[in-house]
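1. quick one, what's the 3D model for this:
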Amino acid sequence: MNVVAGVDIGGTKCAISLGKATENSIEIIDKLAFPTPESPDTAIQMIIGGLRELLMKYPESPPAAIGISCGGPLDSKRGLILSPPNLPNWDSIDVFTPFVEQFHIPVGLQNDANACALAEWRWGAGRGCKNMIFLTFGTGMGAGLILDGRLYTGTNDMAGEVGHIRLERDGPVGYGKAGSFEGFCSGGGIAQLAKKMAEDALDSGKVSLYCPTREALPHVTTKKVGEAAQMGDPLALEVFRIVGRKLGRGLAILVDILNPEKIIIGSIYVRQKSILEPIVIEELKREALGQSLSACQIVPAGLGENVGDFASLSVAAGLIMGN
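-> Predicted structure coming up:
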């Protein structure tokens, strides 16, 4: 059993964790979190201080490696975070050197989708797979690709940016592109779509549970739409029918191109699987090559809502146990 440390750097919070990892399981020993400071230097020093705090609590469990998970773009080989949209001040920030100098152990960096893919592959629904895809389907839509038994990151760490694929000429905006995969299949995109549909409904004299008045329009969230859908609200269900069809269409592209054994989907799919799954499967059968689809399972994240907690730990585990 190996003790590893994980650092998740997010736009709103940073999280630090210690975990006991084996080839088949992961147990979190302890973790802490704090709001992400605007200054990268301040954030790094706070993370180092937080990790030291955890290590002082568990002196008998020194970590063998540190894994860092962060939104892209980044340079995983040089340990640089390269101006992610949710971290506007992080311009070519070296996150390797401070941790190596302080802790003298190996440090690894991956974008959040890749890190989640490694976690699901090592400990979740992707165990035993040679070819699998993990889709974030949360705040954004990104993919982590395990191909031929290895994490595939591309020429310059930009592989898996499936959210940028255009599914329609117009539609909700995601990844800076209207009608994109991320536009239809992300928390922000679903909220955009739901607001537009609620506004149209109000114009025709109809109301929905998630938006009963015009005053409620600015406060529409994907969470509210999901709760309304689970209660049977017709408009919320129609929102998720559209989302399900676009998700199925996006998955069909991935199935046809990459021929995976499994596509594992996190966050919103985990919460709304009962509504989305039949719509997604119907669209997949219509759009994907039958022979490729017959070899592929579409499943929710095996680590459930906690996949993000294990993501950075999986990066560290890969440094000492191999990908």
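2. and residue 207, what pLDDT?
-> Reading off the confidence values, residue 207 has pLDDT 91.
3. how about the helices of the stretch 101-250 of the chain, start to end?
-> Per DSSP state H, counting those that start in this stretch, the stretch 101-250 of the chain carries helices over the ranges 112-123, 181-184, 187-203, 222-230, 234-258.
4. give me the contacts around the second one.
-> Okay, so that is helix 181-184. 140-142, 162-168, 171-175, 177, 189-190, 192-193, 242-243, 246-247, 250 (Cβ atoms under 8 Å, 6 or more residues apart in numbering). For glycine as for every other residue, the C-beta is placed from the backbone atoms N, C-alpha and C.
5. now residue 28: phi and psi?
-> Residue 28 has phi and psi values of phi -80, psi 120 when expressed as degrees, to the nearest 10.
6. number the chain from 6, please
-> Done: numbering now begins at 6, and the last item shifts to residue 33.
7. buried residues, the helix or strand harbouring residue 20. List them.
-> Using DSSP states H and E, residue 20 maps to strand 18-26. Buried residues in strand 18-26, counted by 16 or more other Cβ atoms under 10 Å: 19, 20, 21, 22, 23, 24, 26.
8. hmm, which of the contacts of helix 186-189 are the buried ones?
-> In the contacts of helix 186-189, burial by neighbour count holds for 145-147, 167-170, 172, 176-177, 179-180, 182, 194-195, 197-198, 247-248, 251-252, 255, counting by 16+ other Cβ under 10 Å.
9. spatially central residue in this structure, please.
-> Geometric centre of the chain, nearest residue: residue 141, 3.0 Å, by Cα atoms, centre = their mean.
10. report the contact partners of it.
-> By Cβ under 8 Å, 6+ apart, the contact set of residue 141 is 117, 118, 121, 147, 148, 271, 272.
11. check the secondary structure at residue 319 for me.
-> What DSSP: H, G, I helix; E, B strand; the rest coil gives for residue 319 is helix.
12. next, count neighbours for it.
-> When neighbours are defined as other Cβ atoms under 10 Å, residue 319 has 33 of them.
13. ok, the one 5 residues further on next?
-> When counting by other Cβ under 10 Å, one arrives at 18 neighbours for residue 324.
14. now the angle between helix 117-128 and the helix or strand harbouring it, please.
-> Using DSSP H and E, residue 324 sits within helix 312-326. Going by axes from the mean of the first three to the mean of the last three Cα atoms, to 10 degrees, helix 312-326 is angled at 70 degrees with respect to helix 117-128.
15. which other residues reach helix 312-326?
-> Helix 312-326 is touched from outside by 7, 9-13, 20, 22, 24, 26, 28, 31, 33, 36, 68-74, 111-115, 117, 120-121, 123-129, 156, 271, 306, 308, with contacts defined as Cβ under 8 Å, 6+ apart.
16. alpha carbons of stretch 201-218, as CSV, please.
-> What follows is stretch 201-218 as a C-alpha-only set of coordinates in CSV (Å, rounded to 0.1, in the frame of the first residue of the first chain):
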residue,chain,number,x,y,z
LYS,A,201,-34.2,30.2,-23.3
MET,A,202,-36.9,27.5,-23.2
ALA,A,203,-38.5,28.9,-20.0
GLU,A,204,-38.6,32.4,-21.6
ASP,A,205,-40.3,31.0,-24.7
ALA,A,206,-42.8,29.1,-22.4
LEU,A,207,-43.6,32.3,-20.4
ASP,A,208,-44.1,34.2,-23.7
SER,A,209,-46.8,31.6,-24.6
GLY,A,210,-48.4,31.7,-21.1
LYS,A,211,-46.9,28.5,-19.8
VAL,A,212,-44.8,28.1,-16.6
SER,A,213,-42.4,25.5,-15.3
LEU,A,214,-41.4,24.3,-11.8
TYR,A,215,-37.9,25.6,-12.3
CYS,A,216,-38.9,29.0,-13.6
PRO,A,217,-42.5,29.9,-12.7
THR,A,218,-42.1,33.7,-13.3
